[in-house]
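> okay, predicted coordinates and the sequence, questions at the end:
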Amino acid sequence: MNAGTQDPDATHETLVIGGGIVGLSVSWFLAEAGMGVLCLDAGRDSGSATNAGSLHGQMQSRMERLFPERIEDYRHTLPIYPRAIDYWAEIAGRLGEDIEFAITGGLMIAESAGQMAALERKSRIEGEHGVHTRPMGREELLSIAPCLNSGVHGALFCEKEGKINPLLAAGAVRRQAEAAGAVLRNGTAQRLQPGGVGYLVATDRATYRAERVVIAAGTGSGRLAATVGLRLPCTAEPLQMSITEPAEPLMHHLIQHAARAITMKQLANGQVLIGGGWPAARPRDRLPPAVLSESLAGNLRLARHLVPAIGGLQVQRTWAGVNTLVDLVSVLGPVESLPGLYFAVPGDAGFTLGPYCARLVADAILGRSPDYPLDRFSIARFRKS
Ligand SMILES: Cc1cc2nc3c(=O)[nH]c(=O)nc-3n(C[C@H](O)[C@H](O)[C@H](O)COP(=O)(O)OP(=O)(O)OC[C@H]3O[C@@H](n4cnc5c(N)ncnc54)[C@H](O)[C@@H]3O)c2cc1C
């Protein structure tokens with residue numbers, strides 16, 4: 001294990017594995033508090049570099065389709081979504097750069113009475129868990145979103161939702177982390193080993209010693225957890241998105257659907273971003289994911305159906321990225337059996353949740369009491385299954 005050790009005498013105070021929005025935010029918050037931080041990133045499969053930048057406040061309809069058996073536990077974590085959006089608002093103000101943060105409100109569209117009834121039920125549950133959503137009839141809906149197909153039935157409105165430009169945001173957070181003193185390096189962590197005070201972390205380039213380690217490696221987190229005997233089932237979900245040419249102002253809100261996979265929103269420059277969970281292909285784990293033409297056609301067909309004016313726009317680019325799915329519930333905080341080891345892995349909608357999750361973990365490390373209890377997010381829950 002010592003072979004290749006980089007400066008064997010150097011013990012980093014904290015080593016953060018993963019330089020996506022979560023790892024960069026943890027690094028920023030810890031370095032800002034005066035801690036020595038080294039953040040390592042493998043440079044692959046970053047959801048933070050490929051995502052749509054939707055700020056999700058309400059329960060996405062895809063959650064029930066993906067993990068029906070987990071919805072009950074997931075509901076209890078809903079309060080972190082509005083908190084996470086409030087926290088984005090706070091840090092957007094501190095970044096000193098425009099990241100196109102905007103709270104526009106979000107509409108989840110129903111196209112039938114049955115879908116509307118399901119949205120009303122969802123709204124009641126959300127209300128019990130601190131997420132404010134309001135059912136809206138067809139007339140009101142078309143008055144605030146005239147771009148929609150006139151056949152829509154109604155919607156669930158969440159005032160809190162909005163958008164961010166993820167590339168601007170990740171770059172701005174990275175600069176804050178570096179300005180606060182965090183050191184960012186390329187490298188792929190391969191295994192962890194408890195050793196002396198803290199951990200030895202073997203990478204493809206060197207071995208590092210650190211008093212504490214934060215695993216914020218998105219889809220890579222499960223593999224790293226396994227090297228210290230922990231179970232963290234996380235799935236790499238290849239997804240794809242498209243962006244149109246710029247258009248005149250067309251839609252103001254984040255648009256989703258009650259039963260079908262879609263998110264749509266218009267960016268500050270007029271381009272319309274279309275996604276919402278359409279699968280991309282990934283024949284081999286080591287390759288980047290590739291766009292699927294069936295998904296592209298299906299995603300655009302649904303977008304045009306909901307907002308007919310989209311049919312007149314050219315698609316400029318379609319790309320694929322890797323989303324990290326846990327079991328809908330984030331994995332955050334210390335590992336009781338391994339002092340000095342922490343996880344920071346959002347359950348889903350990880351761009352929305354990223355900085356807030358990072359702050360909860362940083363608070364736990366800094367001995368500050370996190371403002372949301374971490375017990376529900378412990379990795380210990382996987383021991384039972
Ligand atoms: C197409 C798409 C659209 C999405 N749209 C949205 C959206 O609109 N809103 C939303 O909230 N979320 C969205 N998401 C989800 C969101 O992007 C992710 O949940 C979020 O970026 C997770 O951030 P992260 O920092 O935890 O992980 P990531 O951004 O995935 O970063 C993990 C990093 O860890 C590094 N890493 C992995 N293994 C190792 C290792 N062994 N050693 C060192 N480094 C390692 C990787 O290089 C990577 O950079 C979308 C995802 C995709 C793919």
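Alright, I've got the coordinates. Residues are numbered from 1 along each chain as shown.
> name the SS class of residue 364, please.
helix (DSSP: H, G, I helix; E, B strand; the rest coil).
> list the contacts of it.
Contact partners of residue 364, counting by CB atoms under 8 Å, 6 or more residues apart in numbering, are 333, 334, 342, 370, 374. All C-beta spots, glycine's among them, are computed from the backbone N, C-alpha and C.
> can you do 6 Å?
333, 370 (CB atoms under 6 Å, 6 or more residues apart in numbering).
> now residue 109
152, 155, 257.
> what's the distance between the last one and residue 303?
The one in question is residue 257. 10 Å (CB to CB, to the nearest Å).
> got it, and the first one?
The spacing between residue 152 and residue 303, counted by CB to CB, is 14 Å.
> more neighbours: those two, which one.
residue 303 (24 against 20; other CB atoms under 10 Å).
> the host helix or strand of the more buried one near the ligand anywhere?
Using DSSP states H and E, residue 303 sits within helix 293-306. No - among the residues of helix 293-306, none lie within reach of the ligand under CB under 6 Å from any ligand atom; the closest is 11.0 Å away.
> where exactly do the helices run in the stretch 151-300 of the chain?
166-179, 221-226, 293-306 (DSSP state H, counting those that start in this stretch).
> those helices: which one's closest to residue 187?
With distances scored as CB to CB, the stretch of these nearest to residue 187 is helix 221-226 (12.7 Å).
> just the CA coordinates for that closest one, please, in PDB.
What follows is helix 221-226, C-alpha atoms only, in PDB (Å, rounded to 0.1, in the frame of the first residue of the first chain):
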ATOM      1  CA  SER A 221     -19.600   5.700  -4.400                       C
ATOM      2  CA  GLY A 222     -20.900   2.100  -4.200                       C
ATOM      3  CA  ARG A 223     -17.600   0.700  -5.500                       C
ATOM      4  CA  LEU A 224     -15.600   2.700  -2.900                       C
ATOM      5  CA  ALA A 225     -18.000   1.700  -0.100                       C
ATOM      6  CA  ALA A 226     -17.400  -1.900  -0.900                       C
END
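> run the chain-centre distance for it.
Its chain's C-alpha centre and that of helix 221-226 lie 18 Å apart, by CA atoms, centre = their mean, to the nearest Å.
> and that helix, which residues are buried?
221, 222, 224, 225 (16 or more other CB atoms under 10 Å).
> go on, stretch 278-292?
For stretch 278-292, by 16+ other CB under 10 Å, it's 278, 279, 280, 282, 289, 291, 292.
> correct me, but the fourth one touches residue 289?
Put plainly, it is residue 282. Yes - using CB atoms under 6 Å, residue 282 is in contact with residue 289, at 4.4 Å.
> so what's in contact with these two at the same time?
Contacts common to residue 282 and residue 289, judged by CB under 6 Å, 6+ apart, are residue 238.
> pLDDT weak spots in the chain?
1-9, 384-385 (pLDDT under 70).
> can you list the domain ranges for it.
Domain segmentation of the chain under automatic domain parsing yields 1-101+160-234+326-385, 102-158+235-325.
> just the ones you listed: most buried one?
When the domains of the chain are scored by mean count of other CB atoms under 10 Å, the highest mean neighbour count falls to domain 1-101+160-234+326-385 (a mean of 20).
> how far off centre is that domain?
10 Å.
> contacts only, for residue 252.
Counting by CB under 6 Å, 6+ apart, residue 252 has contacts residue 104.
> swap that for residue 314, sorry
residue 245.
> how about the residues of the stretch 1-150 of the chain near the ligand?
Close to the ligand, as judged by CB under 6 Å from any ligand atom, the stretch 1-150 of the chain has residues 17-23, 40-48, 50-54, 56.
> swap in the stretch 151-300 of the chain?
Residues of the stretch 151-300 of the chain lying near the ligand (CB under 6 Å from any ligand atom): 188, 189, 216, 217, 218, 220, 224, 239, 241, 275.
> show me the two of those that sit farthest apart.
189 and 275 (29.5 Å).
> just list the residues touching residue 95, thanks.
residue 172.
> meant to ask about residue 110
116, 119, 153, 154, 258.
> what is the nearest of those to the ligand?
Within these, the smallest distance to the ligand is 17.7 Å, found for residue 258 (CB to the nearest ligand atom).
> is it true that the closest one touches residue 117?
No - applying CB under 6 Å as the test, residue 258 and residue 117 come out as separate, 9.8 Å apart.
> circling back to that earlier point, mind listing which of the contacts of residue 109 are in strands?
Mapping the contacts of residue 109 onto strands (DSSP state E) picks out 155, 257.
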